[in-house]
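*Asks:* sequence and predicted structure, then a few things I'm wondering about:
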Amino acid sequence: MERTLVIIKPDAVNRALVGEVLNRFERKGLKIVACKMQYLKDEELFEHYSHLKDKPFFKDLVDFMKHAPSILMVLEGVRAIDAVRQLAGSTYGIEANPGTIRGDYSMSRSNTIIHASDSQESAEKEIERFFDEKEIFQWEKIDFSEVYSVDERA
């Protein structure tokens, strides 16, 4: 099973979309193995968005991510990273397909409802950045036999 990080951003929290976003991941068959709400700190955001530090919008992005709490979670499943990215939709809300989280709830390039890890390497780094190992739960999701075939669960 693969793990990925998802951040439900402050715009979604303020717009009362948390339940809808969580519902989509659960309906898809992904397992929530860690979940918490917190205000993100400068240090975390500077590290998380370090690849954007030279962009003119960097300060606005950091300020946006701090103006309200975020929901951070680790999801687990077969090809979880790909599944979450497809559910999320294109980064620019206007360009995201209807039926995706961003396609249904975002009009923006910045206020994009969620962050989703884009690779196995990113997922591992991001999960470690935001979660201690003791915050991630190992448990058997009883409906995995209905979500995945036998060979996919192996």
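*Replies:* Yep, that arrived. What you see is a predicted model, and the numbers here were worked out from it, not measured in a lab.

*Asks:* do you have the strands of this protein handy? List them.
*Replies:* Taking DSSP state E as the test, the strands found in the chain are 2-8, 31-38, 70-77, 114-116.

*Asks:* mind listing what His115 touches?
*Replies:* By Cβ atoms under 8 Å, 6 or more residues apart in numbering, the contact set of His115 is 5-7, 9. To be clear about C-beta, it is placed using only N, CA and C from the backbone, and glycine gets the same treatment.

*Asks:* any chance of the residues you listed in JSON lines, plus neighbour count and pLDDT?
*Replies:* Output for the contacts of His115, formatted as JSON lines (neighbours: other Cβ atoms under 10 Å; pLDDT from 0 to 100):
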{"residue": "Leu5", "neighbour count": "26", "pLDDT": "98"}
{"residue": "Val6", "neighbour count": "27", "pLDDT": "98"}
{"residue": "Ile7", "neighbour count": "20", "pLDDT": "98"}
{"residue": "Lys9", "neighbour count": "24", "pLDDT": "97"}
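
*Asks:* now the residues you listed as JSON lines including distance to Ile113?
*Replies:* Output for the contacts of His115, formatted as JSON lines (distance: Cβ to Cβ, whole Å):
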{"residue": "Leu5", "distance to Ile113": "15"}
{"residue": "Val6", "distance to Ile113": "10"}
{"residue": "Ile7", "distance to Ile113": "10"}
{"residue": "Lys9", "distance to Ile113": "6"}
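
*Asks:* which of those sits closest to Asp118?
*Replies:* For the contacts of His115, the closest approach to Asp118 (Cβ to Cβ) belongs to Leu5, at 10.2 Å.

*Asks:* need the pLDDT of the nearest residue to that closest one once chain neighbours are set aside.
*Replies:* Excluding the flanking residues, the one nearest Leu5 by Cβ to Cβ, 6 or more residues apart in numbering is Glu126, at 4.1 Å. Per-residue pLDDT puts Glu126 at 97.
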